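Novice: Give me coordinates for this.
(chains A and B)
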2 protein chains.
Amino acid sequence: MSTAFWIAPASAVIALVFALILALRNMRLSEGTEPMKEIAKAVKVGAMAYLKQQYKGVGLFFGVVFVILLVLALTGSQVIFVPFAFLTGGFFSGLAGFIGMAVGVRSSARTTHAAKQSLNSGLRVAFSAGMVMGLVVVGLGLLDLSIWYIVLNAVIQEPDLAVKMERITSAMIAFGIGASSMALFARVGGGIFTKAADVGADLVGKIEAGIPEDDPRNPAVIADNVGDNVGDIAGMGADLYESYVDSIVATMTLAVAVTAFGFPLLEGVLFPMVLAGVGVIAAIVASFLVRAGEKAEQSVLLRALRLGTYGATVLVAVAAFFLVRWMLPGNFSVYWAVLAGLLSGVFIGYFTEYYTSDSYKPVQGIAAEAKTSPATVIIEGLSVGMRSTIPIVIVVAVTIMIAYFLAGGGDVGLGLYSVGAAAVGMLSTLGITLATDAYGPVADNAGGNAEMTHQEPVVRERTDALDSLGNTTAATGKGFAIGSAALTALALIAAYRHEVGAVGARLVNDGLLGEMPVLDLTVLNPRLIVGVFIGAMLPMGVGSMIMKAVGRAASKIADEVRRQFREIKGIMEGTTKPDYASAVQICTKAAQKEMIAPTLLAIVSPVLVGVLLGVEGVIGLLVGGLSSGFCMAVFMANSGGAWDNAKKFIEKGFLGGKGTDAHRAAVIGDTVGDPLKDAAGPSLNILLKLMSMVSIVFLGMILQFNLGRWTGWW
Amino acid sequence: MSTAFWIAPASAVIALVFALILALRNMRLSEGTEPMKEIAKAVKVGAMAYLKQQYKGVGLFFGVVFVILLVLALTGSQVIFVPFAFLTGGFFSGLAGFIGMAVGVRSSARTTHAAKQSLNSGLRVAFSAGMVMGLVVVGLGLLDLSIWYIVLNAVIQEPDLAVKMERITSAMIAFGIGASSMALFARVGGGIFTKAADVGADLVGKIEAGIPEDDPRNPAVIADNVGDNVGDIAGMGADLYESYVDSIVATMTLAVAVTAFGFPLLEGVLFPMVLAGVGVIAAIVASFLVRAGEKAEQSVLLRALRLGTYGATVLVAVAAFFLVRWMLPGNFSVYWAVLAGLLSGVFIGYFTEYYTSDSYKPVQGIAAEAKTSPATVIIEGLSVGMRSTIPIVIVVAVTIMIAYFLAGGGDVGLGLYSVGAAAVGMLSTLGITLATDAYGPVADNAGGNAEMTHQEPVVRERTDALDSLGNTTAATGKGFAIGSAALTALALIAAYRHEVGAVGARLVNDGLLGEMPVLDLTVLNPRLIVGVFIGAMLPMGVGSMIMKAVGRAASKIADEVRRQFREIKGIMEGTTKPDYASAVQICTKAAQKEMIAPTLLAIVSPVLVGVLLGVEGVIGLLVGGLSSGFCMAVFMANSGGAWDNAKKFIEKGFLGGKGTDAHRAAVIGDTVGDPLKDAAGPSLNILLKLMSMVSIVFLGMILQFNLGRWTGWW
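Specialist: Okay, the predicted model is just below:
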C-alpha cells in the first residue's frame, strides 16, 4: 500500500480527536440559569426523540434494502461486499448526524450564557459546536473509507493490480448508496419537520395571535427549535457527509478507467482519499484563525470567519500542489482541476451571497417590492432565484471544461477523473465550511432560549447578530455544497458508465449474461432522450411532493396550536405552560410519514427506467435529472434565501420596518421561501447523487433482467 | 409533383375564404350603443398602435438579421433562399396576428351586444372571431409553405431527387426561423404588455382604490383590454403559427434522412403539408358542430365546444388512416405516430384541465389554503404546477416511444420522421383548437365593455360565463400547444443533426471546409454535457428576465394610475374621464423596451455556444433546453392557471366568497401567476424551437468559424 494512503486514516483520527476536545471544552461551560437549562433540555429531548424515531423508520428501510442487496449478491449480480458497504455507509452517516446534533443541542444554552459576556464569547461556543459537526462528518467519512480500503485490500487476493482496484472500488462505491439514502431521509424528514414547525408556529403565533417569534406561550416554539437541530444540523450533516464520501468514491472508481500516459493506478485510486485527508488538517489549522478580541464587533467576527474558510482554501491549494507532484508526478495537470474546484466553490459562494444578502441589489429589490404588494415580492423573489442560476451554472460549466481539457488534456478517462478531483478539492475544506453553516442553528436556538427565558435585550441582540453572521458565511458553505453536488453527480454518472462495462464483463464472465452488445449513448437515441425528459421532470415531481408535505404537516401543527390556545386555559396569560411535547410529537409523526413517498420516488425511478428503457435510458435519466435538478436546487435555495433576508432587511428598519404592510408582505415571501430553501431545494442536491448511486447498485440486476437486451424492455 | 400536394394549397385557400366569410358575417352585426362603440374603438386604436409600434421594432430586427443572412448566403455558408424564406416566415406570422387581432377587437362590442340576446348568440360571435384567428394562422402558414415549395421545386434544377429534396427542405426550414423570431417578439412583447397592464391596473385600482375590475374610472382599464388582444390573441396566434410551420418543415427535412425500406421520398416530404391540409378541412367541418339552441345553458355550450375540438380530432384520425395508406403505402406504421400525436394532445389537455380547473382537487386544494394565508396559497400553487409535469412528461415520453418504436419500427430515420409526424398530427386540428383558445380574450373584452358601459348585470354574467367556458376549453388548446412544442423541438433537434451532415458536405464540396471529422454525440462528451447544463439553465434565465420585465413595467403603470388619480380631478366621482391613451402608451413603450433582452439571449446563446463548444455543444444546449424548458413551461402555465381558477372558485361564493381574507389571499396567488402563465411560460415554448432554428441557420457559419475543428474553440 502506498505510504501516502496513511494520511487519510491519520487525518480522520485527528479530526475525531479534535472534535472530542472541542465538544468536551463546550460541555465544561455553564448552561446558565435553571430556566435556560430547562428550555435547552426540552429541545434536547425533542430532538433526540425525533432522531430515535427517524432511525427506527430508516432502520427498517435499511433492513429491507440490505436483504435485497444480499439476494442480488448471492445470485451473483452484485459482489458480496456491497450489502455490508451499504450498511456502514448509512450507519456512519447517521452516527455523524447524531453526534453533531447531540453537541449542538447541548451548546445552545451555553451560547446564550456566553453571549451575556460578549459577542465573541457567544461565537466561540456556537462555532465550536459547528466545528464538531464538520469534523465528525469528515472524520467518520474518511475513517470508514480507510477501513474499507484496508479490509478490501487485504481480503481481495488478486495478483493483477488493475483487476484488484476495479473490484475494490466497485465494492466501495456501494458505501455511497448507504450514505445517500440516509442523507435523503435525513434531509427530507428533517426539512419537513423544521419547516412544518416553523410555518405552523408562525401562522398561528405571529399572524393570528400576534405574539412574537420564539414566545414561550406558543405551543410549537419548542418544536420550531427542535426543527432547527434535526433539519439544519443533523439533516445538513448527513447531506454533506454524502457529498463528501460520494465524491471520493466516485473519483476512486474513475481512476481505474484512466488510460493517460504515465498515470499510476494505485496512487490514482488513493489520491482522492489523501487529498481529503490533507483538507481535514487544513480545516483544523484554519479553525485557529477564527478568533477576535473580546470586544470585537460583528464586522470583525465576519472577517475572522472568512479568514477561517479562505485560509483553509489557500492551505489546501498549496498542499495539493505538492501532493499532486508527489503522487501523480507524470500527470501534474490534475492539480488544475483541484484548484478549479476550490476556486469555483469560492465563486459560487460569492454569487450565492450576491443574490441572497441584503447588502446587494437583488434582495433590496425584493424588499422594495414589499411596498407594493405580497404578490410582487413573490414574483421578484422567483425571478431573483431563477436569475441566480445563470452565473452559478456558468461557473460549474467552466470548472468542467477546465477539468476535462486543461487537467484531462484530451484523455477522456483523465478528464472524467479530474472532474471528480475538482469535486473532492471543493469539498476538502468541508471540516470548516460546514462549521460556518452548522453553527447558525445553534445561534438561532440560543436566541430562542434568550427570548423564552426573558434575558436582557442585549443577549438576544448578540445571538441575532451571530445568526445573521451565520447566514452570510453559510452562503459560502452552501456554494460548496451546491457546486460539489453537481460535480459529484457528474462524476457518478461517469462512474456508472464505467461500471456498465465492468459489471457487464463480470456477468458475462460468470455466465450470467450473454454477449455484451454495444451501447448507443448518443443523445438522439430514443431511449436516452426519453430518459432525459423523465430525468428533467423528476426534480420538479420530488420537489412538489416535499412542498406539499410541508404544507400538510404545517396545517396539522397550526391546528394543534389553535387547539391548545382554545382548550388549555391561561396559556396567553402566561400562567399555564403549553404542551410543547405534543407539538414535537405531531411534527415527528408527520415528517416520518411524509418523507416516505418522495424518497421512494427517487429510489424507484432509476430502477423502473432501467427495466423499461435499459442502461441507455438510465444514463439519459441521470443527465436530465442532473442538469434540471441542479438549476432547480439553486433556484429554490436562492429564492428562499433572498426572501428571508429581504424580510430581515425590513426588520432592520428599512422601508418602514416591523409592523408595516411592507413587513407583512415580506413575511409572506419568507414563508413561501421556507419549504423551498430548507426542505425541497437541499433534497434535490441529494436526489441527483442518490439516483446515480441506485443505478450503480442495481446495474447488475437491470442487465440480467433485460438479458442480452441491454437496451431495455422496448 | 405528387397530386396529393395540391391538397395543401387548396385547403389553405379554403381556410382563408372561410375566415373571410366569418369575419364579414361578424362585421355585419351591430356594435350596440354609442358608449359601447366608443370603448371598443379606444381598445382598437390602442391595440393597433401597439402592433404598429411592435412591427416597427421587429422590422428593424428583421432587417438586420436579413442582412446578416444575406452576407452568409453570399459567402456561401448558406443557400441563397434562406434570407428570403426568413423574411416571408416573419411577414406571414405578423400578418396572421394582425388579421386575427383586427377581427378580435372589432368583435368584442358585438359580442356584448349579442350577449344581450342570449348566451348562445354571444358565443357565436366570439367563437367566430376565434375561428378567424385559427383559420388565418393555418391558412397563411400552409399557403406560404405551399408557395415556397412550388417556387423552389421550379427553380432548383437538379436531376437527382434526393439532392433536390435536400436542397428544398434546407431552404424551407429557414422559413421557420422567421416565424419563430416573430413569435418570440409577439409573445414576449405582448405578454409583458398584457400582464403589466393587468397587474398595474389591479394593484392601484382593485387593491388601493377599491374599485372593481374593468371600472371605467381606472386609467389603465383600456390598456388592460388592449393587452388581452395583443397578448392573448396576436401573441398566441404568432406562437401557434410558429409551432405549426416549424413542425411541418422539421418533418419535411427529416423525410430526406429516412432510409427505411420502401419509403417514398417525394411523398414523404409532402406528407406533413398534406396532413396539415386535411386537418384544416377537418377543423372547418367540425366548426359546424359548435352550435346550440338559443336558450342553451353553459354546460350545453361546453359540450358543443368539446364536440367541435374532439370532432376535428376524430375526423383527422380517420382521414389520416387513408392518407397514410395512399401516400406512404409501404410505411403504414407512420399512422400510429399521427394517431399518438392526436391522442396525446387530448391527454395533455385532460391533465392540464385536471390541474387547472376548479372542478378538481388540485385547484380546490389551493383555494382551501387561502383560508390559512397567502403564503400557503403560493406554496400549494407552486407545488401543483410542478406536480402537473409528471403526467404530462409521461404522455410526451410515451408518444415519443410510440413514434420511434411502433411507427419507426427500429429505423432511426423513420423514427425521427414519425416524431415529427406526431407533432404535425397533434397540430393538424389547430384551426379549431386555436379558436377555442382565442375566443376567450374576445369574451373577456366583451365583459369589460359591458362593465364600462353599465349594461344590465345579466349581460356581464353571460360574458363571464363565456370567459369561463373559454378557460375550460383553452386547457385543451394549451395541451396541444405545449405537447406539440416538445415534439416539434425534438424534431428540430433531429433536423439540426441531419443538417450538420448535409451542410458540412456542401461546405466541403464548395471548398469552404476541410474534411468532415466524426462527431461525438455521446452524452459524456464534455462539450455536449456542458451544453446540456447551459441549456437547462437558459429557460430559467429567460423566464426570470421576462418576469422581472413584467414587474418593472407594472410598476410604471401603477405609478401612472396613481398620478392620474392624484392630478386629474373628478376621476373618482366619474365626472372626468381618465387619460386612457397615456397608460396604453406607457405599456407599449415598456413592452418594446423589455422584450429586447430576453429575445436576444435566446438568439445569441446557440451562436455563442456554437463558437465556443462547437456542434456537439449546440446539440447539448438544445437537449438540455428542451427537457428543462418543457418542464418549466408546463409548471409555469399550470401554476398560473390553477391560481387563477382558485381565485374564481372563491369568487363563485365558496370559502366565504368575495371580500373575505381568503379571497384576498387568492387574489395574491392569481397576481403571482399572471406573469408566469401569460408571459414567461408561453415564451419558453417558443424559446425551445427558436434556439433550434437559430442553430440550424447559423450552422454553416459555426462550421466555418471552427474550421476543421467541428468541436469548437476549446
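
Novice: So in chain A, which helix runs the longest?
Specialist: helix A:596-651 (DSSP state H).

Novice: and it, how far from the chain's centre?
Specialist: Between the centre of helix A:596-651 and the centre of its chain there are 13 Å (C-alpha atoms, centre = their mean, to the nearest Å).

Novice: Also compute the angle for that helix relative to helix B:596-651, please.
Specialist: Orientation of helix A:596-651 against helix B:596-651 (axes from the mean of the first three to the mean of the last three C-alpha atoms, to 10 degrees) gives an angle of 110 degrees.

Novice: which ones are touching the residue most central in space within chain A?
Specialist: Taking C-alpha atoms, centre = their mean, the centroid of chain A lies closest to residue A:239, which sits 2.8 Å from it. By C-beta atoms under 8 Å, 6 or more residues apart in numbering or on different chains, residue A:239 lies in contact with A:183, A:186, A:187, A:481, A:682, A:685, A:686. For the C-beta atoms, the positions are set from N, CA and C on the backbone; glycine is no exception.

Novice: Among those, which one lies nearest to residue B:565?
Specialist: residue A:682 (46.0 Å; C-beta to C-beta).

Novice: my guess is that closest one meets residue A:184, correct?
Specialist: No - with contact defined as C-beta atoms under 8 Å, residue A:682 does not count as touching residue A:184 (10.0 Å).

Novice: Which ones among the contacts of residue A:239 map onto helices?
Specialist: A:183, A:186, A:187, A:481, A:682, A:685, A:686.

Novice: Neighbours of the fifth one, how many?
Specialist: Number of residues near residue A:682 (other C-beta atoms under 10 Å in any protein chain shown) recorded here: 29.

Novice: Spatially, what comes nearest to it if we skip its sequence neighbours?
Specialist: Leaving aside its sequence neighbours, residue A:682 sits nearest to residue A:187 (C-beta to C-beta, 6 or more residues apart in numbering or on different chains; 5.4 Å).

Novice: Also the first one?
Specialist: Counting by C-beta to C-beta, 6+ apart, residue A:242 is the residue found nearest to residue A:183 once chain neighbours are left out, at 3.8 Å.

Novice: Over to the fourth one?
Specialist: Leaving out its chain neighbours, the residue that sits closest to residue A:481 by C-beta to C-beta, 6+ apart is residue A:240, at 6.0 Å.

Novice: Go ahead and list the helix or strand containing the one you found.
Specialist: In this structure, residue A:240 is located in helix A:236-255 according to DSSP states H and E.

Novice: Which other helices and strands does the next helix or strand after that helix contact?
Specialist: Next helix or strand after helix A:236-255 toward the C-terminus (DSSP H and E): helix A:265-287. Packing partners of helix A:265-287 (3 or more C-beta pairs under 8 Å, 6 or more residues apart in numbering or on different chains; DSSP states H and E): helix A:7-28, helix A:119-155, helix A:161-201, helix A:236-255, helix A:298-327, helix A:412-427, helix A:430-452.

Novice: out of the ones you listed, nearest to residue B:475?
Specialist: The nearest among the helices and strands packed on helix A:265-287, by C-beta to C-beta, is helix A:161-201 at 31.2 Å.

Novice: Kindly export the following helix or strand past the closest one (C-alpha atoms) in CSV.
Specialist: For helix A:161-201, the succeeding helix or strand toward the C-terminus, using DSSP H and E, is helix A:221-227. The C-alpha trace of helix A:221-227 is given here as CSV (Å, rounded to 0.1, in the frame of the first residue of the first chain):
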residue,chain,number,x,y,z
VAL,A,221,-42.0,27.0,19.9
ILE,A,222,-40.0,24.1,21.1
ALA,A,223,-40.8,22.1,18.0
ASP,A,224,-39.5,25.0,16.0
ASN,A,225,-36.3,24.9,17.9
VAL,A,226,-36.1,21.2,17.6
GLY,A,227,-36.6,21.6,13.9
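
Novice: Run through who's touching helix A:221-227.
Specialist: Counting by C-beta under 8 Å, 6+ apart, A:39, A:42-43, A:46-47, A:50, A:108, A:190, A:193-198, A:200-201, A:205, A:214-215, A:218, A:444-445, A:448-449, A:452, A:557, A:580-581, A:583-584, A:586-587 sit against helix A:221-227.

Novice: buried stuff in it?
Specialist: A:221, A:222, A:223, A:224, A:225, A:226, A:227 (16 or more other C-beta atoms under 10 Å in any protein chain shown).

Novice: From residue A:195, how far out is the fourth one?
Specialist: Shown here: residue A:224 relative to residue A:195, a distance of 10 Å by C-beta to C-beta, to the nearest Å.

Novice: Just send the buried residues of helix A:221-227 back as JSON lines, with pLDDT too.
Specialist: Shown next, in JSON lines, are the buried residues of helix A:221-227 (pLDDT from 0 to 100):
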{"residue": "A:221", "pLDDT": "87"}
{"residue": "A:222", "pLDDT": "88"}
{"residue": "A:223", "pLDDT": "88"}
{"residue": "A:224", "pLDDT": "87"}
{"residue": "A:225", "pLDDT": "86"}
{"residue": "A:226", "pLDDT": "89"}
{"residue": "A:227", "pLDDT": "88"}
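
Novice: Just give me the closest of those residues to residue A:316.
Specialist: Closest to residue A:316, out of all of these and judged by C-beta to C-beta, is residue A:227, at 33.4 Å.

Novice: List the contacts of the residue lying closest to the closest one once chain neighbours are set aside.
Specialist: Among residues not flanking residue A:227 along the chain, residue A:194 sits closest, at 3.1 Å (C-beta to C-beta, 6+ apart). Listed by C-beta under 8 Å, 6+ apart, the contact set of residue A:194 reads A:224, A:227, A:228, A:230, A:231, A:232, A:235, A:678, A:679.

Novice: Can you select the buried ones from those in PyMOL?
Specialist: Command for PyMOL that selects the buried part of the contacts of residue A:194, burial taken from 16+ other C-beta under 10 Å:
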select buried, chain A and resi 224+227+228+230+231+232+235+678+679
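
Novice: Confirm for me that residue A:336 is in contact with residue A:406.
Specialist: Yes - between residue A:336 and residue A:406 there is a contact under C-beta under 8 Å: 4.9 Å.

Novice: Report the helix or strand with the lowest average pLDDT across chain A.
Specialist: Lowest on mean pLDDT, DSSP states H and E among the helices and strands of chain A sits helix A:699-705, with a mean of 82.

Novice: Give me the residues contacting that helix.
Specialist: In contact with helix A:699-705 (C-beta under 8 Å, 6+ apart) are residues A:72, A:76-78, A:496, A:499-500, A:503-504, A:507, A:512-513, A:607, A:610-611, A:614-615, A:618, A:710.

Novice: sorry, back to before: please tell me how far the residue nearest to residue A:481 sits from chain B.
Specialist: 22 Å (C-beta to the nearest C-beta, to the nearest Å).

Novice: Please name the residues that touch that residue.
Specialist: Contact partners of residue A:240, counting by C-beta under 8 Å, 6+ apart, are A:137, A:427, A:430, A:434, A:481.

Novice: which of the residues you listed has the weakest pLDDT?
Specialist: By pLDDT, residue A:481 ranks lowest within these, coming in at 78.

Novice: Which one of the helices and strands packed on helix A:265-287 lies nearest to residue B:599?
Specialist: Nearest to residue B:599, of the helices and strands packed on helix A:265-287 and by C-beta to C-beta, is helix A:412-427 at 34.0 Å.

Novice: who does the closest one touch, helix- and strand-wise?
Specialist: helix A:236-255, helix A:265-287, helix A:334-356, helix A:389-401, helix A:457-509.

Novice: Any idea how far the third one is from the middle of the chain?
Specialist: Looking back up the chat, that one is helix A:334-356. So, by C-alpha atoms, centre = their mean, the centroid of helix A:334-356 is 17 Å from its chain's centroid.
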